[in-house]
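Undergrad: output the structure for:
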Amino acid sequence: MKLVITIAHDRDNRRITDALLHNGFKFTKIGSTGGFLREGNVTLLIGVEEKDLETCLTVIGDSCKTREQFVNVLPPDASPVGAFMPSPVKVQVGGAVTFVMDCEQFVRF
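TA: Numbers count the residues shown, from 1 in each chain. Below you'll find the model as predicted:
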């Protein structure tokens, strides 16, 4: 058995959870916040049998696509008063970061 930990952007929350449920995967959902843009994320803990791992990863990949977003280089609270605020910068957001770990034991009570 594997433990799949997936961190996805909040905008992909509904799409990824619906797709996982549709494909028969059970998971625990935890709200989280990204460090760089300080935006909402969703962290999913998914227990997966070894034979279903590739299907699970495909569902995740198909559900979470990257997209471009404009952000300010410095958050307003970090820039000094009267400082020049440069034009917003285009960055890629979305997608998913996924960790796959061996699970020694799984118990459901």
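
Undergrad: quickly find the element holding residue 58.
TA: Taking DSSP states H and E as the criterion, the element that holds residue 58 is helix 53-63.

Undergrad: so what does that helix touch, helix or strand wise?
TA: strand 2-9, helix 13-22, strand 96-102 (3 or more C-beta pairs under 8 Å, 6 or more residues apart in numbering; DSSP states H and E). In this view, the C-beta of every residue, glycine as well, is placed from N, C-alpha and C.

Undergrad: partner strands of the first one, parallel or antiparallel?
TA: By that I understand strand 2-9. The strands that strand 2-9 pairs with in its sheet are strand 40-48 (antiparallel), strand 96-102 (antiparallel) (by DSSP bridges).

Undergrad: what's in contact with the shortest one?
TA: Same thing as strand 96-102. Applying C-beta atoms under 8 Å, 6 or more residues apart in numbering, the external contacts of strand 96-102 come out as 1-9, 12, 16, 53, 57, 60-61, 63-64.

Undergrad: isn't residue 49 up against residue 1?
TA: Yes: if you go by C-beta atoms under 8 Å, residue 49 and residue 1 touch, sitting 6.0 Å apart.
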